[in-house]
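In: Provide a 3D model corresponding to the input given below.
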Amino acid sequence: MAGNAASPGKTPENEFDRDLMPPDPQGSHDVAGDSIITHLEIARLIERAHRRFLDLLRMELTRLSTDDISPSQVMLLFTIGADELSVRDLLERGHYLGSNASYNLKQLVDAGYVNRTASQRDRRSARLRLTPKAVELCDRIRAIHDSVHRQNVRDDADARDLVTAYNVLRRLEMLWTGSLRYGEGN
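Out: Purely as a prediction, here's the structure:
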């Protein structure tokens, strides 16, 4: 699980090496002299990790000979999951932009991955549910990811590292959500 960070003072050979370097070596330091990692740097790392994950999904879709859906659309399928959701619920659950989600949903409906029906209570509201085609694709991708997980999480320490990373990211999400709702200082 642990990556090899570029050596301090060494010039990175490519963008990936540069991304692994400690942030701004000349920048802020705490009392002990250690580099301070800011929320901006964490957000940039999360963004890069997300892009890499979408690249992996793209590669898996190619291996599965599935060319009628994008990696971002696959993530929408996983967000819908086994539930029947309204479009509003999907937007809130996945934190998607409305126009982007609408475009992707139309593509998913047209490609036969999502059934979109009018709500019985409110005809203006649409309900979303995965089709068997989408469920099958999600199952195949989940199986690939389960295999990759087993290959990369080799022992209890690796598993604990993943749990710790997940918990830290959840706390950041809650912190940032609280800042949005209640203001900068919470």
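In: which SSE is Asn115 in?
Out: Assigned by DSSP states H and E, Asn115 belongs to strand 114-118.
In: output that strand as CSV, nothing but the C-alphas.
Out: Output of strand 114-118 as CSV, limited to C-alpha atoms (Å, rounded to 0.1, in the frame of the first residue of the first chain):
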residue,chain,number,x,y,z
VAL,A,114,-31.4,3.1,-16.2
ASN,A,115,-35.2,3.0,-16.2
ARG,A,116,-36.6,6.5,-15.6
THR,A,117,-40.3,6.6,-14.8
ALA,A,118,-42.6,9.4,-13.5
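In: the very next helix or strand once past it pairs with which strands, parallel or anti?
Out: Using DSSP H and E, the helix or strand that follows strand 114-118 towards the C-terminus is strand 126-130. Using DSSP bridges, strand 126-130 pairs in its sheet with strand 85-86 (antiparallel), strand 114-118 (antiparallel).
In: which of those strands sits closest to Ala157?
Out: When the strands paired with strand 126-130 are compared by CB to CB, strand 85-86 sits nearest Ala157, at 37.3 Å. C-beta: built from backbone N, CA, C; applies to glycine.
In: tell me which helix or strand comes right after that closest one.
Out: Downstream of strand 85-86, the first helix or strand assigned by DSSP H and E is helix 87-94.
In: buried residues in that following helix?
Out: Val87, Asp89, Leu90, Leu91 (16 or more other CB atoms under 10 Å).
In: what does stretch 35-53 give?
Out: Counting neighbours by 16+ other CB under 10 Å, stretch 35-53 gives Ser35 as buried.
In: can you check stretch 124-144 too?
Out: Ala126, Arg127, Leu128, Leu130, Thr131, Lys133, Ala134, Leu137, Cys138, Ile141, Ile144.
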